[in-house]
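Undergrad: Here is my input, please return the structure:
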Amino acid sequence: MTAKGYQEVFNRDTAEWRTADHGDGDGSRVEVALLPDGGWAVRDSREPGGPVLFFTPAEVRAFVAGVKDGEFDT
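TA: Numbering: from 1, shown residues only. Down below sits the predicted model:
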């Protein structure tokens with residue numbers, strides 16, 4: 001499924017959102033809902049009715065590999 005296709009079948013109200021353990025200190029957190037095919041839906045916890053970003057399984061794998069490889073270290 002493409003990221004665009006998720007929008008047609010995803011229901012934010014019934015999704016099981018998981019919240020990150022750490023935020024930026026002002027209470028904001030990233031929330032992630034796992035999709036049936038292994039993709040992710042991601043939103044800002046301060047705006048649960050706001051935009052949802054969808055990532056395909058390939059995009060999730062690339063992101064996780066980048067984290068493990070230190071691509072995002074500052």
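
Undergrad: any low-confidence regions in this structure?
TA: Along the chain, segments meeting pLDDT under 70 span 1-4, 23-24.

Undergrad: rerun that using 90 as the cut-off
TA: 1-13, 20-29, 45-46, 74 (pLDDT under 90).

Undergrad: can you pull out the strands in it?
TA: Using DSSP state E, the strands of the chain run over residues 17-19, 30-34, 40-44, 53-55.

Undergrad: is it possible to export the ones you listed to CSV including mean neighbour count and distance to V9?
TA: In short, each C-beta sits where N, CA and C put it, glycine included. Formatted as CSV, the strands of the chain follow (neighbours: other Cβ atoms under 10 Å; distance: least, Cβ to Cβ, whole Å):
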stretch, mean neighbour count, distance to V9
strand 17-19, 13, 17
strand 30-34, 17, 12
strand 40-44, 18, 11
strand 53-55, 17, 10
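
Undergrad: Out of the ones you listed, flag the one nearest E8.
TA: Smallest distance to E8 across these (Cβ to Cβ): 10.6 Å, for strand 53-55.

Undergrad: what helices or strands is the closest one leaning on?
TA: helix 3-9, strand 40-44 (3 or more Cβ pairs under 8 Å, 6 or more residues apart in numbering; DSSP states H and E).

Undergrad: in this structure, which residue is closest to the centre?
TA: The chain has V42 as the residue nearest its centroid, 2.6 Å off, counting by Cα atoms, centre = their mean.

Undergrad: list the contacts for D44?
TA: Each residue near D44 by Cβ atoms under 8 Å, 6 or more residues apart in numbering is listed here: 28-31, 50.

Undergrad: Greatest separation within those: which pair is it?
TA: Comparing every pair within the contacts of D44 by Cβ to Cβ identifies R29 and G50 as the most remote, at 13.4 Å.

Undergrad: More neighbours: those two, which one.
TA: Neighbours of R29 and G50, each counted by other Cβ atoms under 10 Å, are more numerous for R29; the result is 17 against 9.

Undergrad: Good, wrapping up.
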